[in-house]
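> pasting the sequence and the predicted model now:
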Amino acid sequence: MALAIAAAAEAQPSRMRDADAAIRVKDLGRLQGWRENALVGYGIVTGLAGTGDAPGNRTTRQALANVFSQFNLTVAPEQVQSRNVAVVMVTAALSPFAREGDTLDIAVSSAGDARSLVGGSLLLTPLKAANGRVYALAQGALAVGGYRHDALGNVVQKNHPTVGSVPGGATVEVAVRESAQAPPSQVTFVLHDADYTTASRVAAAINRHLGAGVAEPRDGAGIDVRIPEGSRERPVEFLAQIESVMVEPDRRARVVINERTGTLVTGGDVRISRIALSHGDLKLTVTAETTAVQPGAGGVLVRPGSGVRTALVTNARVEVDEGQGTGYVAAGNTVADLVQTLARLKTHTRDIISILRAVKAAGALHADLVVQ
């Protein structure tokens, strides 16, 4: 009875770990063809307090003259003189499910020599896709998270005042084709991180929940999913069942190092082979002491000769400190064990990074070392 209780106690944490490691299929990738589409446009920001493009900017003058012409105002580009206008580029992302009337967030960035876009408003700007078709119209007051003030050669600036945004500033005029969103007989699920083991597990999990032969892995990134005839009239319900399937993905052993910030991120199960590690600092200090030597005997000054002068004598003292050093032997441990041990020895983070790079060079770190 005691052995059975012990076995059950050991099995319960194992099941908890498996449950924690399982992830929904929808969090591992996306359906092929369902992606955001980039939109871009060229517009004008007005209402700036003298921080717009220079009056000699030909692009701004021509653009403003074109705007005036749409309101039956004939103004030659050479006659346009204003620092309250800036030429900008407008970008947005169109969702695959966007419909007519939906709003999009837009980003506005200066394309000329404007000093700041604070307080400006974007005039009506058409946003085009790569095919040249207009899908949305943008307009609105800019929100700029910075400022720039200059006077008498002194400049005070915070963040980037030449970049702003308009939340919900674009209205969708043309929706994405629905035929690209819901294929009638088959869909392809694409993993964010290509991995043959994970692709095989996803296909197996879908077949267990929805029936054999529904999913078939194409390669390390794609899984073909066949929509049964009974579900083709209701593809949304079928795809929702696929998204809710739980899968335990396989993880690639990887250690990420950022030397600029001293950040180290690694999986707790990354293994290292048996190593012998010694790490210490050798500190060498050279101290120079300069002493003035006066002519005399027995510490009493006497009358020196005509050629006797005060002499400066420099003595150098060399000190060597090898420090405490760090000794460590690992046999079949993980990177987490190594890092914890070095942390208990009060090893600096940058020294830990140097140690891991040396362990990788020695062939004992069985993971991809990514240095940022």
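Right, received. Where do you want to start?

> what pLDDT does the model give residue 156?
In the predicted model, residue 156 carries a pLDDT score of 69.

> do the same with residue 358
pLDDT recorded at residue 358 is 83.

> how near is it to residue 159?
40 Å (Cβ to Cβ, to the nearest Å). The way it works is simple: take the backbone N, C-alpha and C, and place the C-beta from them, glycine included.

> so between these two, which is more surrounded?
residue 358 (14 against 11; other Cβ atoms under 10 Å).

> roughly how far apart are the more buried one and residue 253?
18 Å.

> what do you get for residue 116?
Distance from residue 116 to residue 253, by Cβ to Cβ: 48 Å.

> ok, and for stretch 187-207, which residues are buried?
187-191, 195, 198-199, 201-203, 205-207 (16 or more other Cβ atoms under 10 Å).

> dump those into JSON lines; add pLDDT, distance to residue 76 and secondary structure as well.
Below are the buried residues of stretch 187-207 laid out as JSON lines (pLDDT from 0 to 100; distance: Cβ to Cβ, whole Å; DSSP: H, G, I helix; E, B strand; the rest coil):
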{"residue": "187", "pLDDT": "86", "distance to residue 76": "57", "secondary structure": "strand"}
{"residue": "188", "pLDDT": "89", "distance to residue 76": "56", "secondary structure": "strand"}
{"residue": "189", "pLDDT": "90", "distance to residue 76": "58", "secondary structure": "strand"}
{"residue": "190", "pLDDT": "90", "distance to residue 76": "54", "secondary structure": "strand"}
{"residue": "191", "pLDDT": "90", "distance to residue 76": "58", "secondary structure": "strand"}
{"residue": "195", "pLDDT": "87", "distance to residue 76": "63", "secondary structure": "coil"}
{"residue": "198", "pLDDT": "90", "distance to residue 76": "64", "secondary structure": "helix"}
{"residue": "199", "pLDDT": "91", "distance to residue 76": "63", "secondary structure": "helix"}
{"residue": "201", "pLDDT": "91", "distance to residue 76": "68", "secondary structure": "helix"}
{"residue": "202", "pLDDT": "92", "distance to residue 76": "64", "secondary structure": "helix"}
{"residue": "203", "pLDDT": "91", "distance to residue 76": "67", "secondary structure": "helix"}
{"residue": "205", "pLDDT": "92", "distance to residue 76": "69", "secondary structure": "helix"}
{"residue": "206", "pLDDT": "91", "distance to residue 76": "66", "secondary structure": "helix"}
{"residue": "207", "pLDDT": "91", "distance to residue 76": "71", "secondary structure": "helix"}
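
> run through the strands of the stretch 201-350 of the chain in chain order.
Per DSSP state E, counting those that start in this stretch, the stretch 201-350 of the chain carries strands over the ranges 215-217, 222-226, 246-247, 254-258, 263-266, 275-279, 283-293, 311-321, 326-330.

> quick one on the thing from earlier: who has more neighbours out of residue 116 and residue 253?
For residue 116 versus residue 253, the count of surrounding residues by other Cβ under 10 Å is larger for residue 116: 24 against 15.

> that one touches residue 161, doesn't it?
Yes: with contact defined as Cβ atoms under 8 Å, residue 116 counts as touching residue 161 (3.9 Å).

> shared neighbours, these two?
Listed as contacting both residue 116 and residue 161 by Cβ atoms under 8 Å, 6 or more residues apart in numbering are 51, 144, 146, 147, 148.

> I'd like to know how far the third one sits from residue 160.
As for residue 146, its distance to residue 160 is 6 Å (criterion: Cβ to Cβ).

> repeat that for the second one.
Between residue 144 and residue 160 the distance is 8 Å, computed by Cβ to Cβ.

> compare the two and say which is more crowded by neighbours.
Comparing residue 144 with residue 160 by other Cβ under 10 Å, the one with more neighbours is residue 144, at 19 against 15.

> where's the residue nearest to that one when sequence neighbours are not counted relative to residue 109, distance?
Leaving aside its chain neighbours, residue 144 sits nearest to residue 164 (4.1 Å; criterion: Cβ to Cβ, 6 or more residues apart in numbering). Between residue 164 and residue 109 the distance is 8 Å, computed by Cβ to Cβ.

> more neighbours: which of the two?
Shown here are residue 164 and residue 109; by other Cβ under 10 Å, residue 164 has more neighbours (26 against 14).
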